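Undergrad: With the input below, show me the fold.
(one chain, ligands or ions: 3)
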Amino acid sequence: MATDAPTIIPVTGTTSESTYDVVIGRGLLERLPEILGERVRRVLVIHPRALRATGDTVRAELADAGFTAVTAEIPDAEEAKHLQVAGFCWQVLGQNDFTRSDAVVTVGGGAVTDLGGFVAATWLRGVRVVHLPTSLLGMVDAAVGGKTGINTSEGKNLVGAFHPPAAVLVDLDALATLPKNELVTGLAEVVKCGFIADPVILDLIEQDTDAATDASSPVVRELVERSIAVKAAIVSDDLREAGRREYLNYGHTLAHAIELAERYSWRHGAAVSVGLVFAAELSRMVGRLGDAEADRHRSILELLGLPVTYRRDRWASLLDGMRRDKKSRGDLLRFVVLDGIGRPGMLEVPDTSLLFAAYQEIAS
Ligand SMILES: NC(=O)c1ccc[n+]([C@@H]2O[C@H](COP(=O)([O-])OP(=O)(O)OC[C@H]3O[C@@H](n4cnc5c(N)ncnc54)[C@H](O)[C@@H]3O)[C@@H](O)[C@H]2O)c1
Ligand SMILES: O=C(O)C(=O)C[C@@H](O)[C@H](O)[C@H](O)COP(=O)(O)O
Ligand SMILES: [Zn+2]
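TA: Ligands and ions are numbered 1, 2, ... in the order given. Sure, this is the predicted structure:
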């Protein structure tokens, strides 16, 4: 799998709008003009303050190719996923006369692809978007699949739309400047893919953790490709999360509640790490997952230096946050659990004492 030639993983939706390629390689920027196509005249490049130089490079490449390219610089990380930031981007689009045949390009981590995707989904009820993810998490997860959204004071991603991109360019060169902690937190979503669908991912990380956390190593490329393959296969079948797309939410019910409790000072991937251990404990407690498989969650995440416990005194607010999870139906909380590695399923939990018991296994 590890070569220097680009790898293309197709997402095959039920319509041409939900069918696109995820291209993984190096030096991919030159492909962007062709992907946007001749109908596009204006392009809004959305990037965070921290990636100003990269955003400018993308804008210049587009201008050289004959597009009218403007940038919208947005706040960093989770601060980007606010209604006011979407409003700022809508204003830039309006002031520059963007029409339905124009496009948005996002440059950044998952927060930017979520916000920029949402802006593209809502501007004139939908314009083309191409994602250029720059964080590991953005590459393996957020840029692929068309989930876009912003947070509200009540919780994570509570407002959004399904809006598949026209393409995703995963340029592995971007990882060279990514801080180690961002790489490692991104690996939590990679581990998630390992547990729900591709155990080779787990073997690769356990066999050589140093290589798995070295952005320049071929192991990282293989992990990126394998994780994208898992996600692409699932979202190709179920863009709108009517069925098995819910499995991509493994570990996320608690994770999103932790992010809210921490006012987004934790990275998403760190919260997902704790959420994975909780989901594994829940799976074990209801007799669906064996001890060895459940313990493997904690051990692989600890190997990566990711958190596996959370504050004992926060249970009440976490339960409150979990009720607003998108998998809930009325008063019924629903969780993704495992019946074995690579065998996800759903668990309905009418009685929250079970959740409290599972939480005791991760509480510190
Ligand atoms: N839509 C989806 O399917 C989906 C999937 C998973 C996660 N998400 C969302 O993604 C977000 C998390 O994404 P994230 O972990 O990438 O966080 P992020 O976007 O906040 O980026 C993390 C940090 O890394 C910096 N950064 C990114 N690329 C860089 C680079 N190449 N060099 C230097 N710094 C760089 C960013 O500026 C930021 O400070 C969350 O909001 C989460 O909800 C969405
Ligand atoms: O793509 C999906 O579907 C996922 O659930 C992937 C998750 O990793 C991601 O964090 C997603 O944004 C969570 O979505 P939400 O619907 O629970 O807000
Ligand atoms: Zn996630």
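Undergrad: So which bits of the helix or strand where A233 lies are buried?
TA: Per DSSP states H and E, A233 falls inside helix 218-237. By neighbour count on 16 or more other CB atoms under 10 Å, the buried set for helix 218-237 is 219-232, 234-236. For the C-beta atoms, the positions are set from N, CA and C on the backbone; glycine is no exception.
Undergrad: so what does the helix or strand immediately after it in the chain touch, helix or strand wise?
TA: Scanning forward in sequence from helix 218-237 by DSSP H and E, the next helix or strand is helix 252-261. Packing contacts for helix 252-261, counted by 3 or more CB pairs under 8 Å, 6 or more residues apart in numbering; DSSP states H and E, involve strand 155-162, helix 268-285, helix 315-323, strand 333-338.
Undergrad: which secondary structure elements does the longest one contact?
TA: What it means is helix 268-285. helix 180-196, helix 252-261, helix 291-303, strand 333-338, helix 352-360.
Undergrad: Ok, the last one next?
TA: The contact analysis (3+ CB pairs under 8 Å, 6+ apart) places strand 333-338 against helix 180-196, helix 252-261, helix 268-285, strand 344-349.
Undergrad: Of the ones you listed, which is nearest V23?
TA: For those, the distance to V23 is smallest for helix 180-196, at 18.8 Å, taking CB to CB.
Undergrad: returning to what we had before: between the helices and strands packed on helix 268-285, which one is closest to V85.
TA: Smallest distance to V85 across those (CB to CB): 17.3 Å, for helix 252-261.
Undergrad: Tell me how far the residue lying closest to L248 once chain neighbours are set aside lies from T12.
TA: Excluding the flanking residues, the one nearest L248 by CB to CB, 6 or more residues apart in numbering is I234, at 6.0 Å. For I234, the distance to T12 equals 12 Å [CB to CB, to the nearest Å].
Undergrad: pLDDT score for the closest residue to D237 other than its chain neighbours?
TA: Distance criterion CB to CB, 6+ apart; nearest residue to D237, sequence neighbours excluded, is R244 at 6.4 Å. The model reports R244 with a pLDDT of 97.
Undergrad: Next up, the contacts around R244.
TA: Going by CB atoms under 8 Å, 6 or more residues apart in numbering, R244 touches 234, 237-238, 344.
Undergrad: try 10 Å
TA: Residues in contact with R244, defined by CB atoms under 10 Å, 6 or more residues apart in numbering, are 196-197, 233-235, 237-238, 344-346.
Undergrad: what's the nearest residue to V144 if we skip its chain neighbours?
TA: Leaving aside its sequence neighbours, V144 sits nearest to K231 (CB to CB, 6+ apart; 5.0 Å).
Undergrad: Surely that neighbour touches E225?
TA: No. Taking contacts as CB atoms under 10 Å, K231 lies outside contact range of E225: 11.1 Å.
Undergrad: any shared contact partners between these two?
TA: Jointly contacting K231 and E225 under the rule CB under 10 Å, 6+ apart are 9, 22, 140.
Undergrad: Check the secondary structure at the first one for me.
TA: For I9, the assignment made with DSSP: H, G, I helix; E, B strand; the rest coil gives strand.
Undergrad: How much space separates it from ligand 2?
TA: I9 sits at a distance of 15 Å from ligand 2 (criterion: CB to the nearest ligand atom, to the nearest Å).
Undergrad: Burial check on that residue, number of neighbours?
TA: The tally of other residues near I9 (other CB atoms under 10 Å) stands at 20.
Undergrad: List the contacts of the closest residue to it other than its chain neighbours.
TA: Closest residue to I9 apart from its sequence neighbours, by CB to CB, 6+ apart: V22 at 4.6 Å. Contact analysis of V22 by CB under 10 Å, 6+ apart lists 7-11, 131, 133, 139, 143-145, 165, 167-170, 224-225, 228-229, 231-232.
Undergrad: neighbouring strands for the helix or strand hosting V22, and are they parallel or not?
TA: Here V22 sits within strand 20-25, counting by DSSP H and E. If you go by DSSP bridges, strand 20-25 pairs up with strand 7-11 (antiparallel), strand 167-171 (parallel).
Undergrad: Do me a favour and average the pLDDT over that strand.
TA: Across strand 20-25, pLDDT averages out at 98.
Undergrad: so after it, what's the next helix or strand?
TA: Defined by DSSP H and E, the subsequent element after strand 20-25 is helix 32-36.
Undergrad: what about that following helix, average pLDDT?
TA: The model assigns helix 32-36 a mean pLDDT of 97.
Undergrad: Report the contact partners of the closest residue to ligand 2 within the stretch 51-200 of the chain.
TA: Per CB to the nearest ligand atom, N157 is where the stretch 51-200 of the chain lies closest to ligand 2, at 3.3 Å. By CB under 10 Å, 6+ apart, the contact list for N157 reads 81, 114, 118, 147-151, 252, 256, 259, 268, 325-326.
Undergrad: and the protein, which residues reach ligand 1?
TA: Applying CB under 6 Å from any ligand atom, we find that the chain lies next to ligand 1 at 48, 50-51, 76-78, 81, 108-112, 114, 134-135, 137-138, 141-142, 145, 147, 157, 174, 177-178, 182, 185-186, 189, 267-269.
Undergrad: Whichever of these end up buried, select them in ChimeraX.
TA: The following ChimeraX line selects those of the residues of the chain next to ligand 1 that are buried, judged by 16+ other CB under 10 Å:
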select :48,50,51,77,78,81,108,109,110,111,112,114,134,135,137,138,141,142,145,147,157,174,178,182,185,186,189,267,268,269
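Undergrad: The residues of the chain next to ligand 1 in helices, which ones?
TA: 110-112, 114, 137, 182, 185-186, 189, 268-269 (DSSP state H).
Undergrad: surely L282 meets T352?
TA: No. Contact criterion CB under 10 Å: L282 and T352 do not qualify, at 11.6 Å.
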